[in-house]
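[1] Next one to model:
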Amino acid sequence: MRKTKGHIICWIIVLSMFIGIATLNTTSVDAKVKSDKQIVKEYCNKYYKDYQIRYFTKWNEKTMTHRANKKIVYVQIEKSVSSGKIDSCNGRYWGYIKGQNYYKTWYNKKVAKGKTVKSYYIFNPKNNYIDDIVAVVDNKILR
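    Numbers count the residues shown, from 1 in each chain. Purely as a prediction, here's the structure:
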């Protein structure tokens, strides 16, 4: 009987130590998904340190053709409506930019038909070319 009590006490001690060690080694995982705007900010801070970020929705030709060497990164925000289809030329899903029926935009992943998508177009701050987009963020993915 003494051996049984001793064994039980020994097992309880071992199990309590195991549980204690197991709880010390667990870490809480912060599963927050970054927003599109946070991804834009991280990208700009990584590649254009000490630059100010300016978001805009309305195109200004004068500003965009005179942006070089001003330490400002311009980010255009556009809303589009998904077509739900894959483009036959490049194999990507696409949609139309709102208010501009013939202006297409492409997405990083499949988007259901009719869904509105907000895209962030990051322009190269080191030149004045109006088509020099260095990155696009939508659907929480950078491309």
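
[2] count of neighbours near residue 116?
    Using other C-beta atoms under 10 Å, residue 116 is surrounded by 11 other residues. In this view, the C-beta of every residue, glycine as well, is placed from N, C-alpha and C.

[3] How about it: which residues does it bridge to?
    Beta bridges link residue 116 to residue 81 when assigned by DSSP bridges.

[4] In this structure it contacts residue 80, no?
    Yes. Residue 116 lies in contact with residue 80 (C-beta atoms under 8 Å); the separation is 7.2 Å.

[5] Which helix or strand in this structure has the lowest average pLDDT?
    helix 2-25 (a mean of 64; mean pLDDT, DSSP states H and E).

[6] Show me the contact partners of the next helix or strand after that helix.
    Using DSSP states H and E, the helix or strand that follows helix 2-25 in sequence is helix 36-47. For helix 36-47, the surrounding residues in contact (C-beta atoms under 8 Å, 6 or more residues apart in numbering) are 34, 51, 53, 73, 75, 118, 120, 122, 134-135, 137-142.

[7] tell me which residues in helix 36-47 are buried?
    36, 39-41, 43-44 (16 or more other C-beta atoms under 10 Å).

[8] How about stretch 118-132?
    Judged by neighbour count using 16+ other C-beta under 10 Å, the buried positions of stretch 118-132 are 119-125.

[9] before we move on, what about stretch 94-107?
    Result for stretch 94-107 [16+ other C-beta under 10 Å]: buried residues 94-95, 97, 105-107.

[10] mind putting those in JSON lines, secondary structure and pLDDT included?
    As requested, the buried residues of stretch 94-107 are exported to JSON lines (DSSP: H, G, I helix; E, B strand; the rest coil; pLDDT from 0 to 100):
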{"residue": "94", "secondary structure": "strand", "pLDDT": "91"}
{"residue": "95", "secondary structure": "strand", "pLDDT": "91"}
{"residue": "97", "secondary structure": "strand", "pLDDT": "88"}
{"residue": "105", "secondary structure": "strand", "pLDDT": "89"}
{"residue": "106", "secondary structure": "strand", "pLDDT": "90"}
{"residue": "107", "secondary structure": "coil", "pLDDT": "91"}
